[in-house]
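Chemist: Got a predicted model here, sequence first, then my questions.
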Amino acid sequence: MDPFYPLQLLADWLTYSVFGLDKASRLGLSVDFFLFDVPKVLILLAVVIFFVAIIRSFFSPEKTRKLLSHSRLYGGNIAAALLGIVTPFCSCSAVPLFIGFVESGVPLGVTFSFLVASPMINEIAIILLFGLFGWKITALYIVSGLVIAITSGIIIGKLGLESWVEEYVYQIRMGDAGELAEQTWPEKLAYARGYVGEIVGKVWPYVVVGIGLGAVMHGYIPNDFLVKYAGPGNPFAVPIAVLVGVPLYSNAAGVIPLVSVLVEKGMAMGTVLAFMMAVVGLSLPEAIILRKVLKPKLIAVYFGVNAVGIMAIGYLFNAVLR
Amino acid sequence: MVIKVLGSGCANCQKLEALATRAIRELGIDAQILKVTDYPEIMAYGVMSTPALVIDEKLVLAGRVPSYDEVVTLLKRSAQ
């Protein structure tokens, strides 16, 4: 049974009995959609973020660095992409993380696999995709993200671009952090609770606005309306979706509820995946931060390889998922 | 006691600094808080993820904003 069925009953009761809206009316459809999706998405977010915080407490960038130092091409790229999912990392730490990896002998291409996977396979995106599209699309999203992270890291590694890293990076020597005290279980739980509060507190307005817009479209725009513009037949839909996605960085929480409605109205699934990957994975702020350690040419390669990979995934799924 | 908050000045580093300031005030510990924003200096402590907390030149926390209680525990442990 769908665990969210009680929420649907509640939304139906509020919409049709309490507010007295007509079941066939557009307003009724929109209100019902909104009242069901907002609590559902917020509950999913709270529950999953709690467990993500607990899982991540067992990982740290310092441990990941030890695991990856002196790793090789291919195997190292795969390990780096997988560790990118679970290692806690915020883009504000991108510079020390990059320096630390390079300093301990993590190959440049392996470092990039980590840097691509970490934001792209994003817990909020995964939760929302699962809640709104189901597990198949979520699995496709995760696998595609891994493939892009692994291949772009391998390409950058093969190109031998070490000289496009700022020289001073190679001169920095890291100290030894020693053993940090492990968090105790009560501390882990307290931290996870606080983290849920912080994240949900930050993203809920985006969720409400995103679902609100989605609800209006759900009720008022005819189904298949977008087939002509964003369906599988339009070859420009994928690059346009990627371009639109870049400036929406970090708003996965607001974008994904909206996207689920775009799909209902006829947007092709590959275009949708490409759009969401561009939203979370192609970050201008992170590129600006990384400018401190990478020369502009390397930032361009990083962004370019990533963007091409995302578009390839978009075209592939548009061709396959019919 | 010398407490250093390591980080490039992001929002989380300011949160950690505020927690540490509150903790030394409420515990009545005689300490000064310094901000370290320079990357080579941050990395010299073996830290890759900010914010991080160094008490009397020993790294005690890295990569997250702890709860207030955890900061208190860390300070008490280091004060002994």
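Modeler: Okay, I see it.
Chemist: tell me which residues of the helix or strand B:N12 falls within are tucked away?
Modeler: Using DSSP states H and E, B:N12 maps to helix B:11-27. Under the neighbour-count criterion of 16 or more other C-beta atoms under 10 Å in any protein chain shown, helix B:11-27 has B:12-13, B:15-17, B:19-20, B:23-24 buried. All C-beta spots, glycine's among them, are computed from the backbone N, C-alpha and C.
Chemist: Just name the closest of those to chain A, please.
Modeler: B:N12 (6.9 Å; C-beta to the nearest C-beta).
Chemist: how close does that closest one get to B:L6?
Modeler: 11 Å (C-beta to C-beta, to the nearest Å).
Chemist: Overlap of the contact sets of these two?
Modeler: Common neighbours of B:N12 and B:L6 (criterion: C-beta atoms under 8 Å, 6 or more residues apart in numbering or on different chains): B:50-51.
Chemist: Can you report how many residues lie near A:L67?
Modeler: Residues lying near A:L67 (other C-beta atoms under 10 Å in any protein chain shown) number 14.
Chemist: For the buried residues of helix B:11-27, could you give me CSV that also reports pLDDT and distance to chain A?
Modeler: Output for the buried residues of helix B:11-27, formatted as CSV (pLDDT from 0 to 100; distance: C-beta to the nearest C-beta, whole Å):
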residue, pLDDT, distance to chain A
B:N12, 86, 7
B:C13, 88, 8
B:K15, 92, 10
B:L16, 93, 12
B:E17, 93, 15
B:L19, 94, 11
B:A20, 94, 16
B:A23, 93, 15
B:I24, 92, 19
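Chemist: Any regions of the stretch 151-300 of chain A where pLDDT drops low?
Modeler: Along the stretch 151-300 of chain A, segments meeting pLDDT under 70 span A:250-251.
Chemist: Identify the residues contacting the residue of it found nearest chain B.
Modeler: In the stretch 151-300 of chain A, no residue comes nearer to chain B than A:A177, which is 3.1 Å away by C-beta to the nearest C-beta. Going by C-beta under 8 Å, 6+ apart, A:A177 touches A:62, B:45-47, B:59, B:62.
Chemist: Go through the residues you listed and flag which are in helices.
Modeler: The helices, defined by DSSP state H, take in A:E62 from the contacts of A:A177.
Chemist: possible to save the contacts of A:A177 as CSV with distance to A:V203?
Modeler: Below are the contacts of A:A177 laid out as CSV (distance: C-beta to C-beta, whole Å):
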residue, distance to A:V203
A:E62, 28
B:Y45, 32
B:G46, 33
B:V47, 28
B:L59, 31
B:A62, 25
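Chemist: Narrow the contacts of A:A177 to those that are buried.
Modeler: Applying 16+ other C-beta under 10 Å to the contacts of A:A177 flags A:62, B:45-47, B:59, B:62 as buried.
Chemist: Which member of those residues is positioned nearest A:F101?
Modeler: A:F101 has its nearest neighbour among the buried ones among the contacts of A:A177 in A:E62, at 10.8 Å by C-beta to C-beta.
Chemist: I'd say the closest one and B:A52 touch.
Modeler: No. Contact between A:E62 and B:A52 fails when scored by C-beta atoms under 8 Å: they sit 10.4 Å apart.
Chemist: what residues do these two have in common as contacts?
Modeler: B:A62.
Chemist: and chain A, which residues reach chain B?
Modeler: A:60-62, A:65, A:88-90, A:92-93, A:95-97, A:99-101, A:103, A:172-178, A:180-181, A:187, A:190-191, A:194, A:292 (C-beta under 8 Å from any C-beta of the partner chain).
Chemist: and if we set it to 6 Å?
Modeler: Residues of chain A lying close to chain B by C-beta under 6 Å from any C-beta of the partner chain are A:60-62, A:92-93, A:96-97, A:99-100, A:172, A:174-177, A:187, A:190, A:194.
Chemist: Just the ones of these in strands?
Modeler: With DSSP state E as the criterion, strands contain none of these.
Chemist: Nearest residue to whichever residue of chain B sits closest to chain A in space, please, no chain neighbours.
Modeler: Minimum separation of chain B from chain A (C-beta to the nearest C-beta) falls at B:G46, amounting to 3.1 Å. The shortest distance from B:G46 to any non-neighbouring residue, by C-beta to C-beta, 6 or more residues apart in numbering or on different chains, is to A:A177 (3.1 Å).
Chemist: And that neighbour, how far from A:I299?
Modeler: Taking C-beta to C-beta, one finds A:A177 at 29 Å from A:I299.
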